[in-house]
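Peer 1: Show me how the following folds:
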Amino acid sequence: EVHGKSLVEKVEAAYRKLEDYHARFEQKTYVSLIEKEVSQAGEISFAQGGKFRLTYTHTRSGRNYVCDGKQIVVSDPYLGSREVYKVNDPNVPQEALIFLGRLGAVGRFFDVKAGDQKAHLILFPKDKNSVVQRLELAIDPKNYLVREAKIVNITGNESTYLFKNPRTNSDLPGQLFATD
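Peer 2: Sure, this is the predicted structure:
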């Protein structure tokens, strides 16, 4: 779709210009297996070089994710677990990491199947073995940053992230993305 593709190009351009980004988020996940919605809140930060940090606040469950551009550390502070993955590990679904700072390359991983010129994209992974079924993005038409992201995976789980109070190019400290 022509309008959707032009919107993807505008979103990619906006994210490529960012040195860094930080926002609070509210996440609602529908877990199909138990037919229940779970709500959590947290913060997301990312910086050039594939660095990102996603942490949950005010919860006794939920994993935290930190990436220094080379490896991803997934930890659960309440269970005391810590897993380390290389960014290019085949078990790390690249398209699932898109909204964690890689929106400057969204067209590389997704096909635009629907959407409108002003504020909405529905994207489908190019990788047919993806765990992601589709990614829906609500775009702020003023700055082309994502206001809301919905990830639907092949199990039927749906996670919606509403981003609040985004700050861009605020010179986030490098240690925020340290994985050691």
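Peer 1: gap between residue 168 and residue 22?
Peer 2: Plainly put, residue 168 is 8 Å away from residue 22 if you go by Cβ to Cβ, to the nearest Å. The C-beta positions use only the backbone N, C-alpha and C, and glycine is treated the same way.
Peer 1: The two: who's more crowded?
Peer 2: residue 22 (18 against 15; other Cβ atoms under 10 Å).
Peer 1: For the more buried one, pull up the helix or strand it's in.
Peer 2: Using DSSP states H and E, the element containing residue 22 is strand 20-31.
Peer 1: If I follow the layout properly, residue 119 ends up in contact with residue 142?
Peer 2: No: assessed by Cβ atoms under 8 Å, residue 119 is found out of contact with residue 142, at 10.1 Å.
Peer 1: ok, these two, which is more surrounded?
Peer 2: More crowded of residue 119 and residue 142, by other Cβ under 10 Å: residue 119, with 15 against 6.
Peer 1: hang on, the earlier thing: so what touches the strand holding residue 22?
Peer 2: Residues from elsewhere that reach strand 20-31, judged by Cβ atoms under 8 Å, 6 or more residues apart in numbering: 36-48, 101, 145, 156-172.
Peer 1: Inside strands: which ones of these?
Peer 2: Taking DSSP state E as the definition of strands, the contacts of strand 20-31 contribute 36-47, 158-168.
Peer 1: I appreciate the help and will end here.
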